[in-house]
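*Asks:* Sequence and predicted structure, then a few things I'm wondering about:
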Amino acid sequence: MTMVNTVVDPVKSFEDLQGRILCKVVNRDDIELRFHLTEDHYVRMYHEQDCCEDVSIEDIVGDLDDLVGTPLLLVEEVSNHGCYGESKLDYGTWTYYRFRTIKGSVDIRWYGTSNGYYSESVDIEIVGKE
């Protein structure tokens, strides 16, 4: 049985995943996630690394397979940042992505550090077409 996405509008942003049905989710060494709507159309979550920063997946709570084959009921991004360390010269950003389906919940925590000059945000890219 082939799952069909019933939402008519194309996916143009991360939030557009809500209501969609994923056919697979791929974790590429905790530096990139791919949320596949079809084999060739997916939302890529990653960070374009620069010299003085580090951004990666710190933790995944839940089973990514729970996001496959059933509509995404909740798709949410929450971020927080601040200084850390004794000198308070280092900067960190936590970005949480929350997903809910009838099969379960998945929370993904990305963490990025830098000297405050570079970005610690998670990049979202839409790849392919429906």
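*Replies:* Sure thing, it's come through.
*Asks:* Residue nearest the middle of this protein, spatially speaking?
*Replies:* For the chain, the residue nearest the mean C-alpha position is Met45 (4.7 Å; Cα atoms, centre = their mean).
*Asks:* what about it, distance to Val61?
*Replies:* Per Cβ to Cβ, to the nearest Å, Met45 is found 16 Å from Val61. All C-beta spots, glycine's among them, are computed from the backbone N, C-alpha and C.
*Asks:* Kindly report the same for Ile31.
*Replies:* 18 Å.
*Asks:* outside of the worst-scoring helix or strand of the chain on mean pLDDT, which residues touch it?
*Replies:* Of all helical and strand segments in the chain, the minimum by mean pLDDT, DSSP states H and E falls on strand 74-84, at a mean of 83. Here strand 74-84 makes contact (Cβ atoms under 8 Å, 6 or more residues apart in numbering) with 14-15, 17-18, 89-100, 113, 116, 120-121.
*Asks:* Buried residues of it, list them for me.
*Replies:* Val75 (16 or more other Cβ atoms under 10 Å).
*Asks:* C-alpha coordinates for that strand, CSV please?
*Replies:* Provided in CSV are the C-alpha atoms of strand 74-84 (Å, rounded to 0.1, in the frame of the first residue of the first chain):
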residue,chain,number,x,y,z
LEU,A,74,2.7,18.5,15.5
VAL,A,75,5.8,20.0,14.0
GLU,A,76,7.4,22.6,16.2
GLU,A,77,10.8,24.4,16.6
VAL,A,78,11.8,26.0,19.9
SER,A,79,15.2,27.7,20.4
ASN,A,80,17.2,29.1,23.3
HIS,A,81,20.7,30.6,23.6
GLY,A,82,23.1,32.1,26.0
CYS,A,83,26.7,32.4,27.2
TYR,A,84,28.4,29.6,29.1
